[in-house]
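**Student:** turn this into a model:
(3 chains)
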Amino acid sequence: MLCSKKTIDLVFEEGIRVKCYPFIAMVLPVQFEDSTPFKIVFSAPKKRFRKANKRNRIKRICREAVRLNKSELENYLTQHKQQLAVFLVYTGQEEIEHAPLHKKTVKLFNNIIQTLDEQKH
RNA sequence: AAGGCAAAUCGGUCUAUCGCUGCUUUGACUUAUGUUAAAGGAGAGGAAAGUCCGGGCAGCAAAGAGCGCCGUACUUCCUAACAGGAAGGUCUCAACACGUUGAGAACAGAAAGUGCCACAGAAAAUAUACCGCCUGAAUGUUCGCAUGAAGGUAAGGGUGAAAUGGUGACCACAUUUAAAAAGUGGCUUGGUAGUGUUUGCACUACAGAGGGUAAGAGCUCACCGGACUUCUGGUGACAGAAGUUGCAAGGUAAACCUUACGGGCUGAAAGACCAUGUAAACUCCGAUCUAGGAAUUGCUCGUUCCUGUAUCUCAGAUCAUCGGAGAGGGUAGGUUGAUUGACACUGUUGGUGACAUCAGUGCUAGAGAAAUGAUAGACAUCACGCUUGCGUGAGCACAGAACCCGGCUUAUGAUUUGCCUUUUUU
RNA sequence: UGUCCCAUGGUGUAAUUGGCAACACGUCUGGUUUUGGUCCAGAAGAGUCUAGGUUCGAGCCCUAGUGGGACAA
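**Tutor:** A predicted model of the protein is given here:
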C-alpha cells in the first residue's frame, strides 16, 4: 500500500502511463526505505461510481486480482533489484466478472514489464 | 391473481482454504521504544444515508445585562432532552348499521396595531357613498300625472373564494286533541309552464307564501346557531345543565406582528499530554493613561486593553515604551479524546400506554489516504419442471461505521395481518 | 466532517409585498435580393427540477426529496 502523499504527487508528475482497459496505471521506479518490491494505490473515480459501496467494491475486487497475480511482477523486480510505485485507476464503466479481470491484470503487468525494459535500453 | 394503503417482524445460518485490519498470548531480534513470526479470538446497518431536530462531551468569554435574531405553540404525561413518543380533547373529511368507526389537523391570538384581499361587483370593511323602495313640502298640469326640497329604510341590487348569523309567521270550515299537526275551501301576492294577444296583459294548470308596517327593519314572536353569567363533572384541554341577551367588529399570522416558553457562541479538523527547540517574529502577565480608538456573539450598555506636539488620509483607519515569563518551524510526528454505554438481552413489579423500578446474564468494529474480499460445500427460503422427492436455477433489494447516543425523514427486499380497487373462475 | 447557495422556452436572463409567466439571441414561415447575409413582417416553442401542503388563487410562502455549485482544512 502506497500512502506517502509526496510519492503520489511524484508519480503523477514524472511517472509513465501504461494503459490496459479497464485500467490506467501510472508507474515510477523509486527507492523505498523497506524492501518491498512495489507499492500500489487503488482508485475508483467518484464521477463514474456515485455510491460509496460501489467504489469500495471495485477497489476490493482490484485488490484481490492484484494479490492473486502479482508473483510475476515481484519476480521481475527482485531479479532486477528495482522498486516501483504504482497508481492504479479503474476506468471501466461497470463492474466486470472475475475471470476476465484476472486476465486483464496479467496483461497489465506484462505491459509494465515491457515498458520498464524499453526504458532501460 | 395483480396493485395500493396502514401496522408488525426479519434483513440469512454453518464449515473449510487463501488474503486484509485491530486485540490477547508466546517466541526471535533489540538498551528501550519497537520490528517480525506463530497460535487464539473479533471485525458494517436497519437505515451506517439525509444532516432535519435534541442531548452527552470539550473549548471560549465577568462562563455579565438588555435589545435584536432563531425556534416552539390544544391538554396532561413520558424522557437526559426534543420540532420525538403515549393517552386524551376539539374541529374537518369519509363510510355506513346514524352514533359509531376510520383518516387528517403548522390546533395560541384577527376585540393591541399595521399591511393585503387581483378580476367582477353598489360596496372587499368605520355600511355618513350609489341604485332602488316608502312618505312626500312645493311647482307645473291635458287633473291621469310629471318633476321633486326634506325625511325614512338597510328588506332588494345579477358579482365573487368571501357580502355583516340562519329558517319561519293569512282566514274560514268540520274531525280529532292537553296543545299541536294534518285535510278541504276561500282571499291576496309574486314565481314557473302552456294558450290567446292590442306585447300592456288576460285565462288555465302547477307547486309556494301571507306577524307587523306607509314601505320596511329583532319592530314582535317561535326554533336553530352565537355571546355572556352561574352551577356540576374532569389534574387539564374541555363537556353537560340552567339562566340572560337580538346578536355588536369578514378573511389572511405557511404577511409583519402580539403573548407565553426555550436557545450564550463554536464543534472531535473541539481539546489534553509528549517529542522536536531559540528569531528583536508570536503569545501571556505587570507598570505608565481617562478622551478617543480597539477587542467581544449582530447592536447597545458594561467590562477589558492601548495611549502621542505621531504617521498616512476624501471618508476614515493604524500604531506605544519598559520589565518579566512562555515558546517557534518542518517531518502527511506520536499518544489520548475513542468506545462499559441515558448499553443490549431475559424475567419480575407498577402504569390504559409511552415508560420506569428491581434481579440475572453478556461485552458486541474501533480504523486513521481509512480494514470485511475471493473460492468451494451444506442447510433455511423462493421460482420452474415433473418421476412427488428429486432435478435445475436464484440465494437477492436499498446500501458501507469515521466521537457517541435518542428521535424524525428518505431509499429498499421478503413474510404475516387488516382494509380498498381491478381482472378471472365457480 | 460541517456550513451556505442555486434550479424558469434550445441558450442567457426578468417577473414589485402571492393576482394573465416577460425580454434578447436562436428556430421556422413569408417578403426584399440574381443568390446569401443584413433588414422588414409574422409564427411556433414553458406551465417554472420533483412530490405534498397553506391559500379563493403559488414561479414566489412552508415541508420532504432530486440534481448542480461554492466555502471552511
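**Student:** what ranges does chain A have for its strands?
**Tutor:** A:16-20, A:23-29, A:38-43, A:84-90 (DSSP state E).
**Student:** closest one to A:Arg67 among these?
**Tutor:** Proximity to A:Arg67 (C-beta to C-beta) singles out strand A:38-43 among these, at 10.3 Å. In short, each C-beta sits where N, CA and C put it, glycine included.
**Student:** quick one, longest helix in chain A?
**Tutor:** Using DSSP state H, we find that the single longest helix of chain A is helix A:98-120.
**Student:** may I see the buried residues of that one?
**Tutor:** A:Leu101, A:Lys104, A:Thr105, A:Val106, A:Leu108, A:Phe109, A:Asn111, A:Ile112, A:Ile113, A:Leu116 (16 or more other C-beta atoms under 10 Å).
**Student:** hmm, the first one is touching A:Leu68, no?
**Tutor:** In other words, A:Leu101. No: applying C-beta atoms under 8 Å, one finds A:Leu101 not in contact with A:Leu68, separated by 10.0 Å.
**Student:** one step back: can you tell me what sits against the longest helix of chain A?
**Tutor:** A:16, A:18, A:20-23, A:25, A:27, A:29, A:61-62, A:65-66, A:68-70, A:72-73, A:76, A:80, A:82, A:84, A:86 (C-beta atoms under 8 Å, 6 or more residues apart in numbering).
**Student:** re the thing from before, between the buried residues of helix A:98-120, which is closest to RNA strand B?
**Tutor:** A:Leu101 (9.8 Å; C-beta to the nearest atom of the strand).
**Student:** look up how far A:Pro29 lies from that closest one.
**Tutor:** From A:Leu101 across to A:Pro29, the span is 26 Å (C-beta to C-beta, to the nearest Å).
**Student:** before we move on, back to that, could I have the longest helix of chain A exported to CSV, CA atoms only?
**Tutor:** Extracted C-alpha coordinates of helix A:98-120, given in CSV (Å, rounded to 0.1, in the frame of the first residue of the first chain):
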residue,chain,number,x,y,z
HIS,A,98,-13.6,-12.2,-12.0
ALA,A,99,-12.1,-14.4,-14.8
PRO,A,100,-11.7,-11.6,-17.4
LEU,A,101,-10.5,-9.2,-14.7
HIS,A,102,-7.6,-11.6,-13.8
LYS,A,103,-6.6,-11.9,-17.5
LYS,A,104,-6.6,-8.2,-17.8
THR,A,105,-4.4,-7.8,-14.7
VAL,A,106,-1.9,-10.3,-16.0
LYS,A,107,-1.8,-8.4,-19.3
LEU,A,108,-1.3,-5.1,-17.5
PHE,A,109,1.7,-6.4,-15.6
ASN,A,110,3.3,-7.8,-18.7
ASN,A,111,2.8,-4.3,-20.3
ILE,A,112,4.5,-2.7,-17.3
ILE,A,113,7.5,-5.1,-17.6
GLN,A,114,7.8,-4.4,-21.3
THR,A,115,7.8,-0.6,-20.8
LEU,A,116,10.4,-1.0,-18.0
ASP,A,117,12.6,-3.0,-20.3
GLU,A,118,12.3,-0.3,-23.0
GLN,A,119,13.2,2.4,-20.5
LYS,A,120,16.4,0.6,-19.7
